[in-house]
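J.: output the structure for:
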Amino acid sequence: MYLIHLESAVADAIRLISDNRLWEEVAVKIGKPTKNIKQQLSLIVDRRNKIAHEADIDPTFNIGNRWNIDELLVNDAVDFIEQVVESIHQML
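T.: Residues are numbered from 1 along each chain as shown. Okay, here's the model as predicted:
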């Protein structure tokens, strides 16, 4: 449910103060296709939801086995979010 509306909710909020085409401009600033930006953001939100709502447990195994996570994965997510936020800040 969260994944479906995240990109449009962010874009709707930005449209209240700007006519810029949010995801297209963010994609140009980051240097990745718009589709990749949205997909990566959705993956981060999906993982966040697994952690917050499902105890980060992988349902394909017996209960108690968590999804793999490491410092690199977390740092990549944080760096990406910072790039998106900085891109939005620059375009406003």
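
J.: what's the helix or strand that contains Arg47 packed up against?
T.: In the assignment (DSSP states H and E), Arg47 maps to helix 34-53. Using 3 or more Cβ pairs under 8 Å, 6 or more residues apart in numbering; DSSP states H and E, the elements in contact with helix 34-53 are helix 2-15, helix 22-30, helix 71-91. (C-beta placed from N, C-alpha, C; glycine too.)

J.: output those helices as a markdown table; include the columns distance to Ser42 and mean pLDDT.
T.: Shown next, in a markdown table, are the helices and strands packed on helix 34-53 (distance: least, Cβ to Cβ, whole Å; pLDDT from 0 to 100):
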| stretch | distance to Ser42 | mean pLDDT |
| --- | --- | --- |
| helix 2-15 | 5 | 77 |
| helix 22-30 | 12 | 95 |
| helix 71-91 | 12 | 95 |
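
J.: tell me which of those is the most buried.
T.: helix 22-30 (a mean of 18; mean count of other Cβ atoms under 10 Å).

J.: which residues touch that one?
T.: 7, 10-11, 14-15, 33-34, 36-38, 83-84, 87-88, 90-91 (Cβ atoms under 8 Å, 6 or more residues apart in numbering).

J.: relative to its centre, which residue of the protein is most distant?
T.: Asn62 (28.3 Å; Cα atoms, centre = their mean).

J.: does that residue count as helix, strand or coil?
T.: Here Asn62 takes the coil state, with states given by DSSP: H, G, I helix; E, B strand; the rest coil.
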